[in-house]
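>>> got a predicted model here, sequence first, then my questions.
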Amino acid sequence: MDIFEKLRKLSAEREDAGGTKPEFIIAGLGNPGIQYEGTRHNAGFITVGAMEKKYGFSADRHKFRARVGNARIGGKSCLVMMPETFMNLSGEAVEQAMGFYKIPLERVIVIFDDISLEPGQMRIRRKGSAGGHNGIKSIIACCGGEDFPRIKIGVGKKPRPDYDLAAWVLSKFSSEDMEKVEETAAKACEALELMVQGKTDQAMNKFN
């Protein structure tokens, strides 16, 4: 690649990033489509909605098989994305954005639902296994490892052990639980500000 091609690529990156190349990718996971709005599996999308309100941006561009937007969070330039691949292929979208902007895995923060936590609860982790979550499985498989920070949003445990897992995560929140999840999403915004500043331990101590 000659110098002119490099300059053209850098210009394209900055144009896509609203003038500044992003330092972090923040991916909220969920399923696209009206029928999935307000479902447990869309806790990541709900959190992106809270981010849009707080930071005054819109994830309304279609790129990397996702809806994307640019935000300044905690003093850092961030690409915020909601993969439109459906949950089980989330990693394909994240991998494309990582490759385009040359962002390492440790600067990718993923927000997703956790059925082991009750609505209103949140857990922050520096890294870890998928724990049975198909969106995280896809990211680990596509992006080359488990070493990415994540924010787990509690969506409630199955009502009984034999309840179908897919049916549970695709069911809608009650109005009471949705209120709790929205409150948690607002806290996740605060946590993100610390995490992008390298203060993940502080975020864990405050919110876990």
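Alright, I've got the coordinates. Numbering: from 1, shown residues only.

>>> which parts of the chain are helices?
3-16, 43-55, 90-101, 134-143, 165-169, 175-196, 200-207 (DSSP state H).

>>> run a quick neighbour tally on residue 104.
Using other Cβ atoms under 10 Å, residue 104 has 12 other residues around it. Glycine gets a C-beta too; all of them are placed from N, C-alpha and C.

>>> who are the contact partners of it?
Shown in contact with residue 104 (Cβ atoms under 8 Å, 6 or more residues apart in numbering): residue 98.

>>> low pLDDT regions in the chain?
Applying pLDDT under 70 to the chain flags residues 1-2, 4-19.

>>> mind running it again at 50?
Residues of the chain meeting the criterion pLDDT under 50: none.

>>> hang on, residue 111 packs against residue 139?
No: Residue 111 is beyond contact range of residue 139, at 11.7 Å (criterion: Cβ atoms under 8 Å).

>>> the two: who's more crowded?
Counted by other Cβ under 10 Å, residue 111 and residue 139 do not tie: residue 139 has more neighbours, with 31 against 27.

>>> who touches the more buried one in this structure?
27, 90, 91, 94, 108, 110, 148.

>>> distance of it from residue 85?
Residue 139 sits at a distance of 11 Å from residue 85 (criterion: Cβ to Cβ, to the nearest Å).

>>> buried residues in stretch 86-95?
Across stretch 86-95, burial judged by 16 or more other Cβ atoms under 10 Å covers 86, 87, 89, 90, 91, 92, 93, 94, 95.

>>> again, but for stretch 128-144
133, 134, 135, 136, 137, 138, 139, 140, 142, 143.

>>> okay if I get those as CSV plus distance to residue 51?
Output for the buried residues of stretch 128-144, formatted as CSV (distance: Cβ to Cβ, whole Å):
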residue, distance to residue 51
133, 21
134, 23
135, 18
136, 20
137, 24
138, 22
139, 19
140, 24
142, 23
143, 21
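
>>> which member of the residues you listed is positioned nearest residue 49?
Nearest to residue 49 among those is residue 135, at 17.4 Å by Cβ to Cβ.

>>> sorry, back to before: list residues touching both of residue 111 and residue 139?
Listed contacts common to residue 111 and residue 139 are residue 27; contacts here mean Cβ under 8 Å, 6+ apart.

>>> which residues are in contact with residue 26?
Applying Cβ under 8 Å, 6+ apart to residue 26 gives the contacts 48, 51, 73, 78, 79, 80, 81, 108, 109, 111, 192.

>>> how far away is residue 38 from residue 119?
12 Å.

>>> which residues do the two both contact?
residue 173.

>>> the two: which has the busier surroundings?
For the pair residue 38 and residue 119, the greater number of neighbours falls to residue 119 (21 against 16), based on other Cβ under 10 Å.
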